[in-house]
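**Q** just a sequence and a predicted model for now, questions to come.
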Amino acid sequence: MIYIEQIRPELTWRLRQRILYPEQKLYEMEMEEDNNGLHFAAFKDNAIVGVISLFAKGHDYQFRKFAVDDSVQNMGIGRQMLDHITQFAQTNGAKRLWCNARVTAIGFYLKAGFGHTGQFFSRHGFDYEILEKQLIPYSARQ
């Protein structure tokens, strides 16, 4: 069984590093913005198997550093995490959820209802497209 909880930022670093940036050092995983974000982990058998960080700017929410342990990929954990933060963002008034998606992961996000923006860029040897999903905040629902 999988459960998702909010965690301290430093608990995301090990999985961030191992899955997303294996060539970098663990201490390089800390982002200055970490203290301004919300961080979530998926737990399986009391071990962290997925992490995601969420940052709000008004009604715009961006998620970053989304990683699922390779031993449990393709089991729906990433989708559960994405659904969790989408619901969290909506509950807190978000109108838009977006990410810088690695080009290799775009299909995953499209299946989850995200759309193309056509904005592409490269950073640290990876190609990205900004993807977004329009949300109806729960507070605006009748």
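**A** Nice, I can see it.
**Q** pLDDT on the helix or strand containing G107, on average?
**A** Under the criterion of DSSP states H and E, G107 resides in helix 106-111. For helix 106-111, the mean per-residue pLDDT is 96.
**Q** mind listing what's buried in the strand ranked longest in the chain?
**A** Looking across the chain with DSSP state E, the single longest strand is strand 47-57. Neighbour-count burial for strand 47-57, counted by 16 or more other CB atoms under 10 Å, picks out 48-54. For every residue, glycine as well, the C-beta is placed using N, CA and C.
**Q** my guess is F126 contacts N100. True?
**A** No - contact criterion CB atoms under 8 Å: F126 and N100 do not qualify, at 9.2 Å.
**Q** the two: who's more crowded?
**A** Between F126 and N100, counting by other CB atoms under 10 Å, N100 is the more crowded of the two (16 against 13).
**Q** for that one, helix, strand, or coil?
**A** Here N100 is recorded as strand under DSSP: H, G, I helix; E, B strand; the rest coil.
**Q** quick check: bridge partners of the residue lying closest to it once chain neighbours are set aside?
**A** Closest residue to N100 apart from its sequence neighbours, by CB to CB, 6 or more residues apart in numbering: Y128 at 4.5 Å. In this entry, Y128 is beta-bridged to R102, F121, by DSSP bridges.
**Q** Y128: how many residues sit nearby?
**A** Neighbours around Y128, by other CB under 10 Å: 19.
**Q** for V103, see how far away it is.
**A** Here Y128 is placed at a distance of 7 Å from V103 (CB to CB, to the nearest Å).
**Q** and for those two, which residues touch both?
**A** F120 (CB atoms under 8 Å, 6 or more residues apart in numbering).
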